[in-house]
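**Student:** build me a structure from this.
(2 chains)
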There are 2 protein chains.
Amino acid sequence: MYTPTQLQEIIENAIDKIEYPAHPARLYEPIRYIMSLGGKRIRPALVLMAADLFGTSIEKAIPAALAIETFHNFTLIHDDIMDNAPLRRGQQSVHEKWGVNNAILSGDVMMVESNKHLSMLDSSVLKDALDTFNTTAQGVCEGQQLDMEFEEREQVGISEYINMIRLKTAVLLGGAMKLGAQVAGASPEEAATLYEFGENIGIAFQLQDDILDVYGDPEKFGKQVGGDIIANKKTLLLLKLKELAEPADLLEMRAQSTNTDFTDKIANMTNLYNKYDIRALASVEMRNYSDKAFEALSALAVPEERKGELLLLSNQLMNREH
Amino acid sequence: MYTPTQLQEIIENAIDKIEYPAHPARLYEPIRYIMSLGGKRIRPALVLMAADLFGTSIEKAIPAALAIETFHNFTLIHDDIMDNAPLRRGQQSVHEKWGVNNAILSGDVMMVESNKHLSMLDSSVLKDALDTFNTTAQGVCEGQQLDMEFEEREQVGISEYINMIRLKTAVLLGGAMKLGAQVAGASPEEAATLYEFGENIGIAFQLQDDILDVYGDPEKFGKQVGGDIIANKKTLLLLKLKELAEPADLLEMRAQSTNTDFTDKIANMTNLYNKYDIRALASVEMRNYSDKAFEALSALAVPEERKGELLLLSNQLMNREH
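**Tutor:** So this is what the prediction gives:
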């Protein structure tokens, strides 16, 4: 068993060792840049942990872990263009630094790099791994599309929202688990169970993010607290509030959506959330998904002690303050 | 043996039968749109012809042909964004019709669709096919990067230019041939020979395009004659002229680059090309590459009658007027 810190080290080492071509420099520099911006490396860690569950040497799973992390970072480059985001992990986003065209193209070639990592897997698992990877990648694109569409829509239902975050965020965590299992030669049932675990943890993870945006400790939360409120982002909290608010409070919500005094806006929206106990309701929803995840994991017939690292990571994710 | 028309029909049928998900509609509509805009379908035809050379049922090669054609169309969507091109095959480009963000994302998911087609290949050839496809895709991205960089550079050498079009255009034709050969179970040497054929035909094809831009028959040429001249595009013709022109003509070239009377600009530049016999020089260069291609094909030890369709297509491409 590995600690999350050990896995992180293994992943950072593997990323450091990736060799990209030297030319054209402007095509590959953005890849090195975004891959070195860090982050929690949760997705590749899940690949390795899933393989480790079955007692497989994690070395065998490293190409899959790198494929998943490279793909994830590719989506960050393209999402940042689409969201017009100037910053990524506190640094200039790729399109800010190199321009939009360069960012599009470096993202494209990163997708190829992901596939190259994947193709290094043992041929006995290659077809299954490709299927998992492609289904996952397709889901992530669908999720980003829905996210963009929801921004322009007046009405979004809670189940639609959950489906969007499932696609945009959670299928990649599910796909990471499934890939790790497949590399380790797990049965299709075991791989599906771990997919369940990953997808549900992923939904819970995103719901936790929605909660932290409002209730996170500004000292510990990496992003600006209230960022979603400022952007009128249709999070679980906003959708729940919309469902429950009395007419007068609905009017107040609408008024706040155009409030340009952001400190005031955050305070007023937080008051509304408090009035309807939205934090507790959102936490119940989140626990719902994390419970499903833990049920899936406990149903998996591998020695209990091997599950320790996954449980540790999941609990860290569910109880994090950033 | 199939005629080019028969192959075209087989390819159009296979494209019609591709099933994309219905939702999110805005993600998949652009894919159906661009895939149905037509074009010569040269690349998938090359995949099928290469497989047919070895007497393999072309049915087996269809997933590879679809992967190549889908990838090619994906690059058109992203290239059109980068080049700010309002039209594609005489119709609105995808980003004009659906917006840039949608075009980025639909392109991304097309890349996944290409990989899905590829993963349908027989597992005995899957690894080799992936390697060929990924190397090809990476080359195409590198070529587009160089093309963008050359636009901003004052000096570009002829050999640099040839390398750029090799990457941007020719490796995909080479990759198509190699993929077809691999699917048919050809030896690595045979696959490499066919790659040589495809890459050299691809370079010749692009040089022919450069010539047709100036000397094409406006009635038959699909694009605006003189489009490269108007855009000051560094084609083989421009680079040759720059190499040969006397000081006074170099000054004239520079003056023409800012001439906003496009009819006058095209006429003046064509006069300069004529003065230095650039058409003949470019044709020699083009023949150089098509000769290499035909040499590679004639060295391939398969029954001569099987080579007929490839020779026919290549001759059509080299002698086309559009």
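
**Student:** show me the shaky parts of chain A.
**Tutor:** A:221-223, A:322 (pLDDT under 70).

**Student:** for it, what spans make up the strands?
**Tutor:** Assigned by DSSP state E, the strands in chain A fall at A:87-88, A:91-92.

**Student:** closest to chain B out of these?
**Tutor:** With Cβ to the nearest Cβ as the measure, strand A:87-88 is the member of these nearest chain B (16.3 Å). All C-beta spots, glycine's among them, are computed from the backbone N, C-alpha and C.

**Student:** list the contacts of the closest one.
**Tutor:** A:34, A:37, A:76, A:80, A:93-94, A:96 (Cβ atoms under 8 Å, 6 or more residues apart in numbering or on different chains).

**Student:** quickly run through the sheet partners of it, with directions.
**Tutor:** Sheet pairing for strand A:87-88, assigned by DSSP bridges, gives strand A:91-92 (antiparallel).

**Student:** if I look at the residue nearest the centre of chain A, how far off is A:L46?
**Tutor:** Closest to where the C-alpha atoms of chain A average out (Cα atoms, centre = their mean) is A:T169, at 4.1 Å. As judged by Cβ to Cβ, to the nearest Å, A:T169 and A:L46 stand 13 Å apart.

**Student:** could you do A:L310 as well?
**Tutor:** 8 Å.

**Student:** out of these two, which sits in the busier spot?
**Tutor:** A:L46 (30 against 26; other Cβ atoms under 10 Å in any protein chain shown).

**Student:** okay, the nearest residue to the more buried one once chain neighbours are set aside and A:I68: tell me how far apart.
**Tutor:** Among residues not flanking A:L46 along the chain, A:A176 sits closest, at 4.1 Å (Cβ to Cβ, 6 or more residues apart in numbering or on different chains). Note on A:A176: its distance to A:I68, by Cβ to Cβ, is 5 Å.

**Student:** what is the neighbour count of the residue nearest to A:L46?
**Tutor:** Using other Cβ under 10 Å, the number of residues around A:A176 comes to 33.

**Student:** what's near enough to touch it?
**Tutor:** By Cβ under 8 Å, 6+ apart, the neighbours of A:A176 are A:43-44, A:46-47, A:50, A:65, A:68, A:198.

**Student:** and the residue lying closest to A:E199 once chain neighbours are set aside, how far from chain B?
**Tutor:** Spatial nearest neighbour of A:E199, chain neighbours left out: A:G174 (3.5 Å); criterion: Cβ to Cβ, 6+ apart. Distance of A:G174 to chain B, computed by Cβ to the nearest Cβ, to the nearest Å: 16 Å.

**Student:** please apply the same query to A:E19.
**Tutor:** Distance of A:E19 to chain B, given as Cβ to the nearest Cβ: 13 Å.

**Student:** now swap in A:K220 and tell me
**Tutor:** 32 Å.

**Student:** what of A:G308?
**Tutor:** Distance, A:G308 to chain B, by Cβ to the nearest Cβ: 35 Å.

**Student:** and what of A:D209?
**Tutor:** 22 Å.

**Student:** tell me, how many residues neighbour that residue?
**Tutor:** 20.

**Student:** longest helix anywhere in chain A?
**Tutor:** Criterion DSSP state H: the longest helix present in chain A is helix A:123-152.

**Student:** wait, the residue nearest to the centre of chain A touches A:Q144, no?
**Tutor:** No - counting by Cβ atoms under 8 Å, A:Q144 is not a contact partner of A:T169; they are 10.1 Å apart.

**Student:** so A:K275 touches A:E246, yeah?
**Tutor:** No - if you go by Cβ under 8 Å, A:K275 and A:E246 don't touch, sitting 9.4 Å apart.

**Student:** looking only at neighbour counts, state which of these two leads.
**Tutor:** A:K275 (14 against 10).

**Student:** dump the residue contacts of the residue nearest to A:P218 when sequence neighbours are not counted.
**Tutor:** Once flanking residues are discounted, A:P218 sits nearest to A:V225: 4.8 Å by Cβ to Cβ, 6+ apart. Residues in contact with A:V225, defined by Cβ under 8 Å, 6+ apart, are A:212-214, A:216, A:218, A:266.

**Student:** swap the cut-off to 7 Å and go again
**Tutor:** The contact partners of A:V225, by Cβ atoms under 7 Å, 6 or more residues apart in numbering or on different chains, come to A:213, A:216, A:218.

**Student:** out of these, which one sits closest to B:A85?
**Tutor:** Each of these was scored against B:A85 by Cβ to Cβ, and A:D213 proved nearest at 39.4 Å.

**Student:** the closest one - how many residues pack around it?
**Tutor:** Using other Cβ under 10 Å, A:D213 has 22 other residues around it.

**Student:** please apply the same query to A:L76.
**Tutor:** Neighbours around A:L76, by other Cβ under 10 Å: 20.

**Student:** residue numbers of the stretch 1-150 of chain A in contact with chain B?
**Tutor:** Applying Cβ under 7 Å from any Cβ of the partner chain, we find that the stretch 1-150 of chain A lies next to chain B at A:24, A:26-27, A:78, A:81-82, A:101, A:104-105, A:108-109, A:111-112, A:115-116, A:119, A:123, A:126-127, A:130-131, A:134, A:137-138, A:141-142, A:144-146, A:148-149.
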